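[1] sharing a model prediction with you, sequence too.
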2 protein chains.
Amino acid sequence: MIKRIHHINFIVKDLDRALQAYQVLFGDPVDEPEMLPQRGVKLARFKIGETWLILVQPVGDDGIPAQYLKQHGEGFFLISCQVDDVRKAAGQVSNDGIHVLDPHPRQGLDDWQVMDLDADDLFGANFQLVECAG
Amino acid sequence: MIKRIHHINFIVKDLDRALQAYQVLFGDPVDEPEMLPQRGVKLARFKIGETWLILVQPVGDDGIPAQYLKQHGEGFFLISCQVDDVRKAAGQVSNDGIHVLDPHPRQGLDDWQVMDLDADDLFGANFQLVECAG
């Protein structure tokens, strides 16, 4: 069902400072920092093989990334797994006992349609399903 | 310098229980559960695209994975990035201000030669460099 690890998100407090360190490992980010207003974040991304690595900085107190930063501090946030059909995949995993948090896909970056899974059903790790062309 | 996200490790308390949930998403693991005595863990792995996803259960109180479980609970543990030459890559990142925790490569699974980076220099995320044939 899952084709690849599509992206991995990390929460940071200060995107510019984090970029300086991550560039040592991953070279230049793919683009200039971007905003994703519906999540209340500013972000920058690297492409490592077939996987996006994304640094995410909450820009206010609202939204799940800001809550995550408050509760857990900086570090790993979520892993997004690419599927062909996100609604169908969500239905399958839900039938098999993993709670899907989003009733409908929500819009991520680019054409990414994402649905989050309940970390309590996956032993503390935030996983997400994503459908996208690229 | 980094070719791909080679593997992602998750810490769990009970490998058998975690496997039941992870199999919903990722299908059957590649092999039967394995032991890695030098880390004090039992583990099982899935292959997702070009990346290994590994569930790691500490089997005692000793070792870094056991300490991590005590301090952080279950969930994401580390991301390992493949390089051609792990000693050379460690020297480069060290020169650029990211502390390398291991003075020499240590033996992971299979032919994996790994060196851990200091999460404090990477905003809370555990990264590792790995050199291997496959």
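    Received the coordinates, thanks.
[2] all contacts plus neighbour counts: C-alpha atoms, from now on.
    OK.
[3] so which residues on chain A come close to chain B?
    Contacts of chain A with chain B, taken as CA under 8 Å from any CA of the partner chain, map to A:1-5, A:10, A:12, A:18, A:21-22, A:24-26, A:48-51, A:73-76, A:93, A:96-98, A:121-125.
[4] PyMOL command for the buried members of those residues?
    Buried members of the residues of chain A next to chain B, defined by 16 or more other CA atoms under 10 Å in any protein chain shown, are picked up in PyMOL with:
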select buried, chain A and resi 1+2+4+5+10+12+18+21+22+24+25+26+48+50+51+73+74+75+76+93+98+121+122+123+124+125
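[5] helices - which of the residues of chain A next to chain B land there?
    Of the residues of chain A next to chain B, the ones assigned to helices by DSSP state H are A:A18, A:A21, A:Y22, A:V24, A:L25, A:F26, A:V93.
[6] for those residues, which two are the farthest from each other?
    Within these, A:V24 and A:V93 form the most distant pair, 37.7 Å apart (CA to CA).
[7] got a list of what A:K42 touches?
    A:L15, A:P33, A:E34, A:M35, A:L36, A:V56, A:Q57, A:P58, A:V59 (CA atoms under 8 Å, 6 or more residues apart in numbering or on different chains).
[8] please repeat the previous calculation with a cut-off of 10 Å.
    When contacts are counted by CA atoms under 10 Å, 6 or more residues apart in numbering or on different chains, A:K42 touches A:V12, A:D14, A:L15, A:P33, A:E34, A:M35, A:L36, A:L55, A:V56, A:Q57, A:P58, A:V59.
[9] doesn't it lie inside a helix?
    No. A:K42: not assigned to a helix; according to DSSP: H, G, I helix; E, B strand; the rest coil it is strand.
[10] next up, the contacts around A:D14.
    A:K42, A:L55, A:V56, A:Q57, A:P58, A:V59, A:E74, B:F123.
[11] format these as CSV; extra columns: distance to A:P65 and pLDDT.
    Below are the contacts of A:D14 laid out as CSV (distance: CA to CA, whole Å; pLDDT from 0 to 100):
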residue, distance to A:P65, pLDDT
A:K42, 11, 98
A:L55, 11, 98
A:V56, 8, 98
A:Q57, 8, 98
A:P58, 6, 98
A:V59, 9, 97
A:E74, 10, 96
B:F123, 15, 94
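[12] spatially, which two of these are the most separated?
    Longest span within these, CA to CA: A:V59 and B:F123, 16.9 Å.
[13] restricted to strands, list the contacts of A:K42.
    A:E34, A:M35, A:L36, A:L55, A:V56, A:Q57, A:P58 (DSSP state E).
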